[in-house]
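Colleague: Provided below are the primary sequence and the corresponding predicted coordinates.
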Protein chains: 2
Amino acid sequence: MSGQKISSVWLREPRQSGRTPGRSREEIVRATLELLDAEGLDGLSMRKLGAKLSAGATSVYWYVENKDELLELAYDEIWGKITIPVPEEAGWRETASTFAHSMRAVILAHPWVAALLGRLPALGPNALAMADLLRRAFRLAGFKGLDIDYANTTLTAYVFGMVIPEIVWRQTMGGEELDPESMRQTFEHVARDFPDLLARLTEVNDLPAQAIREISFDFGLVSVLDGLAARLRPAGS
Amino acid sequence: MSGQKISSVWLREPRQSGRTPGRSREEIVRATLELLDAEGLDGLSMRKLGAKLSAGATSVYWYVENKDELLELAYDEIWGKITIPVPEEAGWRETASTFAHSMRAVILAHPWVAALLGRLPALGPNALAMADLLRRAFRLAGFKGLDIDYANTTLTAYVFGMVIPEIVWRQTMGGEELDPESMRQTFEHVARDFPDLLARLTEVNDLPAQAIREISFDFGLVSVLDGLAARLRPAGS
DNA sequence: ACCTGAACACCGTTCAAGT
DNA sequence: ACCTGAACACCGTTCAAGT
């Protein structure tokens, strides 16, 4: 009746009959990641990817339904790069904390992911494996039933939400090649109607931006984990 | 020496000499929002926007340097739709909580924003006004110095990170017009190697998805606020 | 089974030219 | 000051045709 299937690469078996005929999915994903890392999300086109694989411009369409599916593959690869300890050995809190820091580091190393988070679902095997592991950690902590998911979702949301603006910041502020003086003027200009923000600016201006971001990330992470831990204590204690 | 300026609409004065000659920035923004709401991010093109303004395909370029600047304008409009009480009256915790719920509601009503969060900086007047207000709330709570920003960042990151996957979910799962049976099969397929995730699936399957998302959002929000509140208590008490 | 090439229908952006 | 139109250099995707 209602029809309309979900569309995702993960619903189709990878193309490759038996031997080693054409390209493999891994080859394609590797080339895609290289392009993305080198030229960013806008730098990836099906034609360029074809060229990189020394193939025709549209050859990738044999392996993948469309460009979004290609990006789904690349996205899941990122999930695979996140390191996380064995929950039963490290304990839930260290597991969660290590996951958070590792995910941040991985995304910062592959900034193009930031724009994908708001566009693609994470249904790949690496993403699911991570969800599975994190659920183990939160179950170990003492969460029960749906609370396991809620805790997991909360933690992951925090990391996403923290890293995304950090990437955007780095990208529009252009990293090194930006004149710090013009940067200060920029903020003074846009924030000219908000004295409190301006005051904060001059307060921060001399501190190393990178260090502040790390402290900020830790501050929030500890808060989130503390808040989750509070859920585990019976109300009256 | 190092050159390279930051590029943002908010650094340039809006075009319009004195009278009411051509289009105004507001007209353009309104048309942009309408297009985005109606057709989504991919549905917005400079040509379509020109047509909607009954103007040539490239007329908007007189008001805006490029498409990203146009999106910056639309993005800030969203920040303006978020409602928030006066911190001094409502208290910090209710202010923060109302902000979180309102921001979620606004983004869900304009799903195209989700993809912008990972692409554009929030330097517009509405975004800054909100930052200013939230800072007031956290100062009121008792945070001092940089902790005010850290707390603010933590809260906002949580909301971002929570809403983004929710949007993606809704969009790829296609809302109403999706066959629920094929949906279940989808998950069973992708999660086939993760028994724990599968078990969770059947557990959740009969519950109304929308209600769960709201409970989940509240669970995390309370946790985050509790965690922040814990920061305010002196260590020994 | 795998790949190519041409072709279609779009893009964002530049720029000389118009009023 | 404001807007147009043509033009450029790209896109993603389809599809008939090749091997």
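Modeller: Perfect, thanks for sending it.

Colleague: what residues does chain A put near DNA strand D?
Modeller: Neighbours of DNA strand D within chain A, by Cβ under 7 Å from any atom of the strand: A:44, A:45, A:46, A:47, A:48, A:57, A:58, A:61, A:66, A:67, A:68. (C-beta placed from N, C-alpha, C; glycine too.)

Colleague: go again using 10 Å as the cut-off
Modeller: For chain A, the contact set with DNA strand D under Cβ under 10 Å from any atom of the strand comprises A:39, A:41-51, A:56-62, A:64-71.

Colleague: does residue A:193 count as helix, strand or coil?
Modeller: Under DSSP: H, G, I helix; E, B strand; the rest coil, the three-state class of residue A:193 is coil.

Colleague: what are the boundaries of the helices in chain A?
Modeller: Along chain A, counting by DSSP state H, helices occupy A:25-39, A:46-52, A:67-81, A:87-90, A:92-109, A:113-117, A:125-141, A:146-172, A:180-190, A:195-204, A:209-232.

Colleague: ok and the least confident helix or strand in chain A by mean pLDDT relative to helix A:146-172, angle-wise?
Modeller: Here the helix or strand of chain A ranked lowest by mean pLDDT, DSSP states H and E is helix A:180-190, holding a mean of 83. Using axes from the mean of the first three to the mean of the last three Cα atoms, to 10 degrees, the inter-axis angle of helix A:180-190 relative to helix A:146-172 is 120 degrees.

Colleague: show me what counts as buried in helix A:180-190.
Modeller: Judged by neighbour count using 16 or more other Cβ atoms under 10 Å in any protein chain shown, the buried positions of helix A:180-190 are A:183, A:186, A:187, A:190.

Colleague: any idea how far the last one is from chain B?
Modeller: Read that as residue A:190. Distance, residue A:190 to chain B, by Cβ to the nearest Cβ, to the nearest Å: 5 Å.

Colleague: which elements pack onto the least confident helix or strand of chain A?
Modeller: If contacts are counted by 3 or more Cβ pairs under 8 Å, 6 or more residues apart in numbering or on different chains; DSSP states H and E, helix A:180-190 sits against helix A:195-204.

Colleague: residue A:220 contacts residue B:153, correct?
Modeller: Yes. The pair residue A:220 and residue B:153 qualifies as a contact (Cβ atoms under 8 Å) at a distance of 6.4 Å.

Colleague: can I see the domain layout of chain A?
Modeller: Using the TED database, the domain parsing of chain A gives A:25-64, A:83-232.

Colleague: just say which of the ones you listed is most tucked in.
Modeller: domain A:83-232 (a mean of 18; mean count of other Cβ atoms under 10 Å in any protein chain shown).

Colleague: how long is that domain end to end?
Modeller: One end of domain A:83-232 sits 26 Å from the other (Cα to Cα, to the nearest Å).

Colleague: quick one: distance of it to the chain centre.
Modeller: In terms of Cα atoms, centre = their mean, to the nearest Å, the centre of domain A:83-232 is found 9 Å from the chain centre.

Colleague: show me what contacts residue A:87?
Modeller: Taking Cβ atoms under 8 Å, 6 or more residues apart in numbering or on different chains, we find residue A:87 in contact with A:95, A:133, A:136, A:137, A:140.

Colleague: excluding chain neighbours, what is closest to the one residue sitting closest to the centre of chain A?
Modeller: By Cα atoms, centre = their mean, the mean C-alpha position of chain A lies nearest to residue A:107, the distance being 4.9 Å. Closest residue in space to residue A:107, ignoring its immediate chain neighbours: residue A:163 at 4.8 Å, by Cβ to Cβ, 6 or more residues apart in numbering or on different chains.

Colleague: OK, contacts around the one you found?
Modeller: Residue A:163 sits next to A:103, A:104, A:107, A:108, A:114 when contact means Cβ under 8 Å, 6+ apart.

Colleague: looking at those, which is nearest DNA strand C?
Modeller: Checking those against DNA strand C with Cβ to the nearest atom of the strand, the nearest one is residue A:114 at 19.2 Å.

Colleague: now do the closest one against residue A:227, distance only.
Modeller: 25 Å (Cβ to Cβ, to the nearest Å).

Colleague: again with residue A:60
Modeller: As judged by Cβ to Cβ, residue A:60 and residue A:227 stand 45 Å apart.

Colleague: where does pLDDT dip in chain A?
Modeller: Residues of chain A meeting the criterion pLDDT under 70: A:1-5, A:16-22, A:174-178, A:235-237.

Colleague: 90 - rerun?
Modeller: Filtered on pLDDT under 90, chain A yields the residue ranges A:1-8, A:11-25, A:57, A:171-188, A:199-210, A:233-237.

Colleague: who touches stretch A:129-144?
Modeller: So stretch A:129-144 is contacted by A:79, A:82, A:84, A:87-88, A:91-93, A:95-96, A:99, A:147-152, A:155-156, A:228-229, A:231-232, B:194, B:196-197, B:200 (Cβ under 8 Å, 6+ apart).
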